[in-house]
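>>> sharing a sequence plus its predicted fold:
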Amino acid sequence: VTPRDLFGLLSDFIHMYSEAQTINIHKKQLQANAEARSLALKQSRERRRQQTNLDLLRLHEEQMKISTQEVNATMNHDIVLIESSLSSSSSSLSSHHHRSSNRSNSLPKIKE
């Protein structure tokens, strides 16, 4: 084995070592890029999930407003019906009382 052969072997070793280092650097860059893409995807999914939750919350809030308006409308309608019923009952009682009074006045009085 000549010094020239040893120098050639050393040169080949250095070249292969350099290529291995370059491959390792590229591998680490690819891993870092993959991790960055994975993180970006997770963040994107989380933003979409939060937006969906916000949309559902707004929809629920809108449904609650509508339900409240429907309950208020029903209650107002019921109040009107009750007031109307009370008013007609009151006038009915009043006219009944008036007739009863007239009848009692027209009945013969009993002497004691």
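Happy to help now that I have it. Numbering: from 1, shown residues only.

>>> report the rounded mean pLDDT for the strand or helix carrying Q50.
In the assignment (DSSP states H and E), Q50 maps to helix 3-106. For helix 3-106, the mean pLDDT works out to 90.

>>> number the chain from 6, please
Sure, I'll start numbering at 6, so the last one becomes helix 8-111.

>>> next one: it to chain centre, how far?
Relative to its chain's centre, helix 8-111 lies at 3 Å (Cα atoms, centre = their mean, to the nearest Å).

>>> tell me what it is packed against?
Helices and strands touching helix 8-111, as assessed by 3 or more Cβ pairs under 8 Å, 6 or more residues apart in numbering; DSSP states H and E, are absent. For the C-beta atoms, the positions are set from N, CA and C on the backbone; glycine is no exception.

>>> and the most centrally placed residue in the chain, how far is that from T73?
Per Cα atoms, centre = their mean, the C-alpha nearest to the average position across the chain is that of L62, at 2.0 Å. The gap separating L62 from T73 is 16 Å, by Cβ to Cβ, to the nearest Å.

>>> same thing with A25?
The value you get for A25 to T73, if Cβ to Cβ is used, is 71 Å.

>>> how about T57?
Counting by Cβ to Cβ, the gap from T57 to T73 is 24 Å.

>>> same question, D10
For D10, the distance to T73 - Cβ to Cβ - is 93 Å.

>>> L98 now?
L98 is 36 Å from T73, by Cβ to Cβ.
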